[in-house]
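Asker: Whatever this is, show me its structure:
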Amino acid sequence: MTDLFQEPEDATPLEPHEREGLLQTWITHRRDLNEAEQENIVEGAAWSRGRRRVSLERMLSEDFMRTLHKRMFGEVWEWAGTFRMTERNIGVQAYRIGVELVSLLSDVRYWVEHEAFPSDEIAVRFHHRLVAIHPFPNGNGRHARLAADLLIECLGGERFSWGGGTLANVGELRTRYVVALRAADNHDIAPLLEFART
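Answerer: This is a model prediction of the structure:
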C-alpha cells in the first residue's frame, strides 16, 4: 500500500470512485500526485492569464469557475471541472452547489458594482465563500485562491501572497490558513485578509 491517498487531517478526502478518476498511471505516491497537480495548476494559471485579461463578467460565471478547475486539474483527474456528487466533511450539500455558486457570483458582482467592501476584501470574501461551498471533489482551496487572485487582478490590484509559501503540505503555513478560514466561518474576515497579504 502506498501513501497516495493519505491526506492532511484537514483536507477533503476523496471517495473511492473519485480515486479511480486518476488519469496518470505513473502516480503511485503522494509526492508524485502533489507534483503532477502542481504542474497542472501552473498550466491552469498560465492559461487563465495567457490570453487577454478575462473580463469580470466572464470570470464571475459558473462556466469560467468550472473551466478554471478543469484547466488546473484536468491532466491529473478525470472529474476535474465537474461538481462533486457526494457529501463531504466541508461544504454545502452536493445538490445545492449550483445554486450556492450562482448566488456567490451574483453577490460578488453586487459588491464590486456598489463598492460594498475594499477590493482586497471583496476578493478574500469571494475566496472564503467559494471554499465554503466546496464545489469540486478536490482542489477547492487551490482553485479558490487562484480565482481570488484573478478577481483582485480584474479589480486592478496585485495577486495575493497567501502566506508566501505552498499550502499543499501539512505545516505551520497550512495551519495558519485553516485557522484564518475558520475565523472567517465565524464572521471574522480580518485573519484571512491578513494571511492573504503576508
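Asker: who does the helix or strand harbouring residue 57 touch, helix- and strand-wise?
Answerer: Residue 57 is part of helix 56-59, with elements assigned from DSSP states H and E. Here helix 56-59 touches helix 97-113, helix 140-154, going by 3 or more Cβ pairs under 8 Å, 6 or more residues apart in numbering; DSSP states H and E. Yep, even glycine has a C-beta here, placed from its N, CA and C like the rest.
Asker: Switch these over to a markdown table; also include distance to residue 35, mean pLDDT and mean neighbour count.
Answerer: Shown next, in a markdown table, are those (distance: least, Cβ to Cβ, whole Å; pLDDT from 0 to 100; neighbours: other Cβ atoms under 10 Å):
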| stretch | distance to residue 35 | mean pLDDT | mean neighbour count |
| --- | --- | --- | --- |
| helix 97-113 | 29 | 98 | 16 |
| helix 140-154 | 14 | 97 | 22 |
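Asker: which one of those helices lies closest to residue 21?
Answerer: Of all those, helix 140-154 sits nearest to residue 21, with 15.6 Å by Cβ to Cβ.
Asker: Can you list the buried residues in the helix holding residue 57?
Answerer: For helix 56-59, a neighbour-count test (16 or more other Cβ atoms under 10 Å) marks residue 59 as buried.
Asker: what comes into contact with it?
Answerer: Residues from elsewhere that reach helix 56-59 (Cβ atoms under 8 Å, 6 or more residues apart in numbering): 64, 109, 112, 147, 150-151, 154-155.
Asker: elements contacting the next helix or strand after that helix?
Answerer: Sequence order places helix 62-73 as the next helix or strand after helix 56-59, per DSSP H and E. For helix 62-73, the packing partners by 3+ Cβ pairs under 8 Å, 6+ apart come out as helix 30-50, helix 97-113, helix 140-154.
Asker: Compute the inter-axis angle for the longest one and helix 140-154.
Answerer: Looking back up the chat, that one is helix 30-50. Between helix 30-50 and helix 140-154, the angle comes out at 20 degrees (axes from the mean of the first three to the mean of the last three Cα atoms, to 10 degrees).
Asker: next one: helix 30-50 to chain centre, how far?
Answerer: 13 Å (Cα atoms, centre = their mean, to the nearest Å).
Asker: Just the buried positions in it, please.
Answerer: Neighbour count says helix 30-50 has 30, 33, 36-37, 40-41, 44-45, 48 buried, by 16+ other Cβ under 10 Å.
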